[in-house]
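1. model the following, please.
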Amino acid sequence: MSDLKHEAEALGIEVDGRWSEETLMQKIIEAQEQQPEPAGEPRFENVPLHVLNQQAIRAAKNRRLLENQAADKARNAVLDSLANRRPSGKPFRKPLRAPVA
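-> Here you go, the predicted structure:
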C-alpha cells in the first residue's frame, strides 16, 4: 500500500487515507492516462507496415545520396590539390585520369 501511495504522490495525486488499494490503483491509472506522452518517443502502433517500409526506403536513398555527394567532394578536393603538381612541386607529364564512377 505504501508503494502505491508513493507512486500516486509522484503523479501529483492527493492521497486520502481512507482509500482502498483498488481506489488508489484506479486513481493512478487515470492520472497516467491523462499525462501527455513524451515528444521524443515516436509511436508506430497505428502506422501501417507499408508506410514504415516506404519511410525506410526513402531514408536509405537519402543516405546513399549524401554518401555519394561526400565522396564526390572528397575526390574533387584531392584532384584539386594534386591538380598539376606532385607533392615535391614537379609537374606531372601526363594529365590525371578521370575518376572511375
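
2. how far does the one helix or strand in the chain whose mean pLDDT sits lowest sit from its chain's centre?
-> Lowest mean confidence among the helices and strands of the chain (mean pLDDT, DSSP states H and E): helix 2-10, at a mean of 81. Mean C-alpha position of helix 2-10 versus that of the full chain (CA atoms, centre = their mean, to the nearest Å) differs by 34 Å.

3. average pLDDT for the following helix or strand past it?
-> Beyond helix 2-10 on the C-terminal side, the first helix or strand identified by DSSP states H and E is helix 21-34. Model confidence over helix 21-34, given as mean pLDDT, is 84.

4. mind saving the C-alpha coords of helix 21-34 as PDB?
-> Output in PDB follows, covering the C-alpha atoms of helix 21-34 (Å, rounded to 0.1, in the frame of the first residue of the first chain):
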ATOM      1  CA  GLU A  21      -5.900  -0.300  -2.800                       C
ATOM      2  CA  GLU A  22      -8.400  -0.700  -5.700                       C
ATOM      3  CA  THR A  23      -9.400   3.000  -5.500                       C
ATOM      4  CA  LEU A  24      -5.800   4.100  -5.300                       C
ATOM      5  CA  MET A  25      -4.900   1.900  -8.400                       C
ATOM      6  CA  GLN A  26      -7.800   3.400 -10.300                       C
ATOM      7  CA  LYS A  27      -6.700   7.000  -9.500                       C
ATOM      8  CA  ILE A  28      -3.100   6.100 -10.600                       C
ATOM      9  CA  ILE A  29      -4.300   4.700 -13.900                       C
ATOM     10  CA  GLU A  30      -6.500   7.700 -14.500                       C
ATOM     11  CA  ALA A  31      -3.600  10.100 -13.800                       C
ATOM     12  CA  GLN A  32      -1.300   8.100 -16.100                       C
ATOM     13  CA  GLU A  33      -3.800   8.200 -18.900                       C
ATOM     14  CA  GLN A  34      -4.100  12.000 -18.600                       C
END
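
5. how does this protein divide into domains?
-> Taking automatic domain parsing as the domain assignment, the record places the domains of the chain at 2-34, 54-101.

6. so which of the ones you listed is the most packed in?
-> Greatest average neighbour count among the domains of the chain goes to domain 2-34 (a mean of 12), per mean count of other CB atoms under 10 Å. Where you see a C-beta, it was placed from the backbone N, CA and C, and this is true even at glycine.
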